[in-house]
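Asks: Here is my input, please return the structure:
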Amino acid sequence: MRFRCIRVNKKYAQRVINILRKKNLLPDFRLKKDGEFVLIPIKNGDMPDFEFEYTIEFSEFEPIRRPEPIKARFDVVGDIAIIKFAEGMDIEKIAMAILTNHKNIKKVAVDYGVKGETRVRSLKLIHGDSFETIHREYGIRIKVDVSKVYFSPRLASERWRVVSQVNDGEIIYDMFCGCGPFSIMIAKYRKVKIFASDINPHAIYYLKENIKLNKITTITPILGDAREVVKSIGKVDRIIMNLPHSAYEFFPYALNAVKSGTRIHYYEILNRDARIINRRIVELQKLVEEKGTKLKLIEYHMVHPYSPSSDMYAFLFEVI
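Replies: Here you go, the predicted structure:
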């Protein structure tokens, strides 16, 4: 499109742009360079006064193409964008918008929901050659195949929050470790001993890969059902129960590994009604009281929204 424009030495160009923008005279068209000069298009209107030499002329300019907003929920794991499927969405259009707007993303997959005992995502790869990637957060690297092992990047700050509460010398049981993000991050920054178990053999495979990748020596990977594994690890100082859809049914089994002072990081998806949350706290405390001891709530908070009516919550308990 042909526009009236200012030809000005490039050392004054940014000052001209700032003045035109302030007066709403700068159109969404690309500037042009011509040797030591810059051609800056101007909208119709009163010409501002400039204190340096310039000329007015006319030239053709190309419009600035703004990226189209992405109207879909998606997570980023390493170089993979995982789009949450919704009826009526134009998947290919959304995928191309993500690839265009995010240069670090090389693969795009669609998430049709979590299923099965191992709680893995049902995924379809739209762009890319595999579901495997390396995700980075807080100085660690997590290698994972997102079609075989569940991994949530939205828990990064939660994982770091747990690290900040761990003391050197602790013995920890990560009951549902997945590919090891909690365990790897804790072991990276604290001198501890960790037992990490999962029923998914792919999870244990990637946990072992991540132990090597991050040069960790204090994690013991265990393939098996947490209800059985917990019987053989002895008493521990801290338990991580990150299985938000099913943690409650495993809670009585976790008590086999507790002693006075054991802290439990318990995660569950609950209706955001305060009465339901308080009821769950009381139910967990009663389960402990049946074992002849007590459970003290240290704190709880919402980790992230899950649905229109429910959120994922993190509870920190101490056995007393």
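Asks: Give the buried residues for the helix or strand hosting residue 8.
Replies: Assigned by DSSP states H and E, residue 8 belongs to strand 2-9. Neighbour-count burial for strand 2-9, counted by 16 or more other C-beta atoms under 10 Å, picks out 3, 5-8. Yep, even glycine has a C-beta here, placed from its N, CA and C like the rest.
Asks: Give me the below-cutoff pLDDT ranges for the protein.
Replies: 66-69, 71 (pLDDT under 70).
Asks: circling back to that earlier point, pairing partners for the strand holding residue 8, with directions?
Replies: Paired strands of strand 2-9, with direction, are strand 37-41 (antiparallel), strand 54-60 (antiparallel) (DSSP bridges).
Asks: Show me what secondary structure element comes after the longest one.
Replies: When you say that, I think you mean strand 54-60. By DSSP H and E, the next helix or strand past strand 54-60 is strand 74-77.
Asks: got the contact list for residue 48?
Replies: 19-20, 23, 25 (C-beta atoms under 8 Å, 6 or more residues apart in numbering).
Asks: those strands in the stretch 1-150 of the chain, which residues are they?
Replies: Using DSSP state E, counting those that start in this stretch, the strands of the stretch 1-150 of the chain run over residues 2-9, 32-34, 37-41, 54-60, 74-77, 80-84, 107-115, 120-127, 132-137, 140-145.
Asks: Is residue 184 within a helix or a strand, and which one?
Replies: Counting by DSSP H and E, residue 184 is part of helix 181-189.
Asks: Past that helix, which element shows up next along the chain?
Replies: strand 193-198.
Asks: Which positions in that next one come out as buried?
Replies: 194-198.
Asks: what do you get for stretch 143-155?
Replies: 143-153, 155.
Asks: ditto for stretch 114-134
Replies: Within stretch 114-134, judged by 16+ other C-beta under 10 Å, the buried ones are 118-121, 123, 126-128, 131-133.
Asks: For that stretch, give me every contacting residue.
Replies: In contact with stretch 114-134 (C-beta under 8 Å, 6+ apart) are residues 77-80, 82-83, 91-92, 95, 99, 106-113, 141-150, 198-200, 202-203, 213, 243, 245.
Asks: Can you say which of the residues you listed are buried?
Replies: Looks like the contacts of stretch 114-134 have 77-78, 80, 82-83, 95, 99, 107-111, 142-150, 198-200, 202-203, 213, 243 buried, using 16+ other C-beta under 10 Å.
Asks: For the nearest residue to residue 208 once chain neighbours are set aside, give me its contacts.
Replies: Nearest non-adjacent residue to residue 208, counting by C-beta to C-beta, 6 or more residues apart in numbering: residue 221, 5.5 Å away. Contact analysis of residue 221 by C-beta under 8 Å, 6+ apart lists 177, 180, 196-197, 204, 207-208, 211.
Asks: What segments of the stretch 151-300 of the chain are helices?
Replies: Along the stretch 151-300 of the chain, the segments classed as helices by DSSP state H, counting those that start in this stretch run 156-165, 181-189, 201-213, 226-229, 247-254, 274-289.
Asks: Output these as JSON lines; include the columns distance to residue 47.
Replies: Formatted as JSON lines, the helices of the stretch 151-300 of the chain follow (distance: least, C-beta to C-beta, whole Å):
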{"stretch": "helix 156-165", "distance to residue 47": "51"}
{"stretch": "helix 181-189", "distance to residue 47": "59"}
{"stretch": "helix 201-213", "distance to residue 47": "61"}
{"stretch": "helix 226-229", "distance to residue 47": "74"}
{"stretch": "helix 247-254", "distance to residue 47": "68"}
{"stretch": "helix 274-289", "distance to residue 47": "62"}
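Asks: Let me know which of the ones you listed is tucked in deepest.
Replies: Of all the helices of the stretch 151-300 of the chain, helix 181-189 has the most neighbours on average by mean count of other C-beta atoms under 10 Å, namely a mean of 23.
Asks: got a list of contacts for it?
Replies: Outside helix 181-189, the residues that reach it (C-beta under 8 Å, 6+ apart) are 137-140, 142, 151, 155, 159-160, 162-163, 166, 172, 174, 177, 192, 194, 196, 207, 210-211, 214, 216, 218-219, 240, 242.
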